[in-house]
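Colleague: The sequence isn't on hand, but the structure is:
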Ligand SMILES: [Zn+2]
């Protein structure tokens, strides 16, 4: 037991030193151990220092050159070898003394194969995940509002021409949760996040598998410094504050379309539209559709203005 502990101790020490040395000069650090003949002598003193009571020095020097010789052939990375090293040496003293050499030698060949085999699963996912990592980086680059699902560019302050217009920190949104917007839409981050919530929890479930799902949302208005419904003398619209988006329809992955104007209250598409309208009430404070007034017969108006009375959805 003491011998094994001492051997393990010496090996951990050697592995650590070898690991340190290999980072700089792997060839030279291995050579003293790997050199046949001199290996026994070279290795013995260092081992002796660590454990003076070892009575069978022949098993260790034999096994060490064996594995050390393979090392230069199969050296893929210092870190891999270091861990592999530690494992190999810890198990080496286990078999009975007489059989240990014979048992270790045939294993040497298979061990090498095993080493390569064990590396493959490590390398393969790395290659596959490279694409995923690249995609992640691309998304991270285009992310706005601190959310990779919201892709676009930050545009900062948007000054308004009319009193009450403008956005302090605006973003121009191109895509949300993998769904493209037909035009880049300027809004604030609260609105962009509300849009994302609705797309994921309202729009996508409402469409389901129809046409393969939505590929593009037809945006007909976003930021615009104007009064409500463009009526002279009316209050500034939420569009003028970057808090609103108008959606007139959807293009599905199979190319088919859903239109608020044409499909409201008609068949399956109509049901989907009604569900989309209903689920927007919550993420958005104001939701207007064809049943609100004639201004909205052809689009949904969603905005993030909140009133004391709560959401306004018609
Ligand atoms: Zn609107």
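Modeller: It's in. All figures in this text were calculated on a predicted structure; none of them were measured in a lab.
Colleague: Name the residues of the stretch 151-300 of the chain found near the ion, please.
Modeller: Contact residues, the stretch 151-300 of the chain versus the ion (CB under 5 Å from the ion): 244, 246. (Glycine included, C-beta is placed from N, CA and C.)
Colleague: Pick out the residue of the stretch 151-300 of the chain closest to the ion.
Modeller: Relative to the ion, the nearest point of the stretch 151-300 of the chain is residue 246 (4.0 Å; CB to the ion).
Colleague: For that residue, which non-adjacent residue is closest in space?
Modeller: residue 221 (3.8 Å; CB to CB, 6 or more residues apart in numbering).
Colleague: surely the one you found meets residue 244?
Modeller: Yes: the pair residue 221 / residue 244 is scored as a contact, 7.5 Å apart, by CB atoms under 8 Å.
Colleague: who's more crowded, these two?
Modeller: residue 244 (24 against 17; other CB atoms under 10 Å).
Colleague: got the contact list for that one?
Modeller: 187, 191, 221, 222, 237, 238, 286, 301, 302, 303, 304, 305 (CB atoms under 8 Å, 6 or more residues apart in numbering).
Colleague: What does the pLDDT read for the fifth one?
Modeller: The predicted structure scores residue 237 at 95 on the pLDDT scale.
Colleague: same question, the third one
Modeller: The pLDDT attached to residue 221 in the predicted structure is 97.
Colleague: same thing with the second one?
Modeller: What the model reports as pLDDT for residue 191 is 98.
Colleague: And the residue of the chain that's closest to the ion?
Modeller: residue 301 (3.3 Å).
Colleague: Surely that residue is in contact with residue 246?
Modeller: Yes: between residue 301 and residue 246 there is a contact at 5.3 Å, judged by CB under 8 Å.
Colleague: Of those two, which one has the most company?
Modeller: residue 301 (26 against 21).
Colleague: Count the residues that sit near the closest residue to that one other than its chain neighbours.
Modeller: Distances taken as CB to CB, 6+ apart put residue 288 closest to residue 301, at 4.1 Å, once the chain neighbours are dropped. Using other CB under 10 Å, residue 288 is surrounded by 23 other residues.
Colleague: switch to numbering from 808
Modeller: Yep, numbering from 808; the last one is residue 1095 now.
Colleague: Now do the contacts for residue 1095.
Modeller: 1102, 1103, 1107, 1108, 1120, 1121.
Colleague: so what's the first one up against?
Modeller: Residues touching residue 1102, when contacts are defined by CB under 8 Å, 6+ apart, comprise 1036, 1095.
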